[in-house]
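> sequence first, predicted model second:
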Amino acid sequence: MLRHVTTLLSLCMAIMLAASVAAQQAYPSKPVRLIVPFPPGGANDIVARLIGQRLNDRWTRVVVIDNRGGASGNIGTEIVKNATPDGYTFLVGSPGTLVINPHLFRSLPYDALKDFVPVVHVARFPQVLAVNASIPAKTTAELIALAKLQPNKLNYGSSGTGSTGHLITASFLQQAGIQVTHVPFRGGALAVQALLAGEVQMVIDGLPSFTAHLQAGRIRVLAVTASDRWPGLPDVPTISESAVPGFDLSSWTLLAAHIGTPPTIVARLAHEINTALKNEEVRARLQQVGAAPAGGTPGVAFKFHRAEYEKWKRVVQVSGAKVE
């Protein structure tokens with residue numbers, strides 16, 4: 001009798017395993033949601049739609065871009081945390097949701113390290129340091145020298161307290177040893193308008209925020225905040241090579257899933273996105289919006305997320321920013 005029971009249990013387990021494998025091989029069997037925790041039109045939203053279109057070209061099922069903005073990205077991120085971990089709901093994550101908010105907010109409805117499994121590092125967005133063209137500084141080193149001569153006389157704008165631009169700038173100022181007054185705005189567009197008007201003298205933001213104004217000569221780009229030069233601006237040096245050695249802070253897109261999502265599905269989606277990132281049209285479109293393809297395995301994405309979590313923890317501490 002015991003032998004029969006053991007055989008029956010083994011048979012049931014084999015059937016369940018076969019059913020699970022078959023279901024995953026048939027993946028996706030229904031629409032896949034990519035949750036963008038911000039309104040349409042932002043950098044991560046553009047990347048999500050670009051990747052979503054490539055996935056739709058390969059799959060017969062529809063990939064849905066679901067914008068769930070609010071609470072600095074926390075609402076959309078919580079939706080993914082509470083979703084069924086079946087491989088049909090993913091978070092289009094960013095520094096704000098996955099590595100900044102955990103250190104910025106006193107409490108969050110999710111744990112960025114424990115509630116999610118990184119799938120793939122999709123893209124990175126080098127930020128640029130731009131100044132009003134009336135500023136005499138032509139290089140980052142000259143800007144630092146000017147600020148040292150006039151402590152707290154210069155202003156810098158950002159898209160808001162705790163934003164990526166604010167935190168990168170605060171880290172730059174601290175490492176450069178200069179004092180510049182922060183003027184937060186309700187969005188990057190308003191910060192750039194203030195830069196154009198001379199209300200602030202410098203802004204760090206994504207390249208697309210400045211592109212339309214560069215040819216007019218009213219804004220001067222001094223440096224890139226990443227560790228390497230941006231292919232779209234090959235003559236613009238990095239902050240690291242021009243003034244602050246080792247400086248390296250950028251925005252990025254990281255696809256993540258609920259921690260219980262089957263590893264086979266995580267690996268499958270990572271493979272599909274890596275394939276999409278090799279497409280020349282995709283790469284060209286990413287460069288147009290100031291992004292560069294990243295890619296890699298879920299293991300690489302995991303290590304990247306952990307490293308960025310610790311890096312931005314220090315950046316938030318330096319800024320002194322807090323949200324109740």
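It's in.
> off-centre distance for stretch 38-48?
The chain centroid and the centroid of stretch 38-48 are separated by 10 Å under CA atoms, centre = their mean, to the nearest Å.
> assess the claim that Thr164 and Val99 are in contact.
No: using CB atoms under 8 Å, Thr164 is not in contact with Val99; the gap is 10.1 Å. Every residue, glycine included, has its C-beta placed from N, CA and C.
> state the helix or strand in which the closest residue to Val122 other than its chain neighbours lies.
Of all residues beyond its chain neighbours, the one nearest Val122 is Thr253 (4.3 Å), with distances taken as CB to CB, 6 or more residues apart in numbering. When secondary structure is defined by DSSP states H and E, Thr253 falls within strand 250-258.
> convert the C-alpha atoms of that strand to CSV, please.
Taking C-alpha atoms only, strand 250-258 is exported to CSV below (Å, rounded to 0.1, in the frame of the first residue of the first chain):
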residue,chain,number,x,y,z
SER,A,250,22.5,58.3,-14.2
SER,A,251,18.9,57.4,-14.6
TRP,A,252,17.8,54.1,-16.0
THR,A,253,15.0,51.6,-16.8
LEU,A,254,14.9,48.3,-15.0
LEU,A,255,12.2,45.8,-15.6
ALA,A,256,11.1,43.9,-12.4
ALA,A,257,8.5,41.4,-11.4
HIS,A,258,6.8,40.1,-8.3
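> so which elements touch whichever helix or strand comes after that strand?
Later in the chain than strand 250-258, the nearest helix or strand by DSSP H and E is helix 263-277. With contacts taken as 3 or more CB pairs under 8 Å, 6 or more residues apart in numbering; DSSP states H and E, helix 263-277 sits against helix 2-25, helix 43-58, strand 116-132, strand 250-258, helix 298-319.
> run me through the strand neighbours of the third one, direction for each.
Right, strand 116-132. Strand 116-132 has its sheet partners listed here by DSSP bridges as strand 202-206 (antiparallel), strand 219-224 (antiparallel), strand 250-258 (antiparallel), strand 292-293 (antiparallel).
> could you give the angle of the longest one to helix 43-58?
Compare the direction of strand 250-258 with that of helix 43-58 by axes from the mean of the first three to the mean of the last three CA atoms, to 10 degrees and you get 50 degrees.
> gap between strand 250-258 and the chain center?
Relative to the centre of its chain, strand 250-258 is centred 6 Å away, using CA atoms, centre = their mean.
> do the shortest one as well
Here the centre of strand 292-293 is set off from its chain's centre by 12 Å, with CA atoms, centre = their mean.
> same deal with stretch 226-239?
18 Å.
> surely Ile51 touches Ala276?
Yes: counting by CB under 8 Å, Ala276 is a contact partner of Ile51 at 5.7 Å.
> contacting residues for the closest residue to Thr77 other than its chain neighbours?
By the measure of CB to CB, 6+ apart, the closest residue to Thr77 outside its immediate chain neighbours is Thr97, 4.7 Å from it. Residues in contact with Thr97 (CB atoms under 8 Å, 6 or more residues apart in numbering) are Pro37, Ser72, Gly73, Asn74, Gly76, Thr77, Leu91, Ala112.
> and Glu199, by the same measure?
Listed by CB under 8 Å, 6+ apart, the contact partners of Glu199 are Asn155, Gly157, Val183.
> what domains does the record give for this protein?
Structural domains assigned to the chain are 31-125+250-319, 126-242, following automatic domain parsing.
> sorry, back to before: quick one, which of the helices and strands packed on helix 263-277 is nearest to Leu173?
Closest approach to Leu173 among the helices and strands packed on helix 263-277 (CB to CB): helix 298-319, 8.8 Å.
> what's the closest one packed up against?
Packed against helix 298-319, as judged by 3+ CB pairs under 8 Å, 6+ apart, are the following elements: helix 101-104, strand 116-132, helix 164-176, strand 250-258, helix 263-277.
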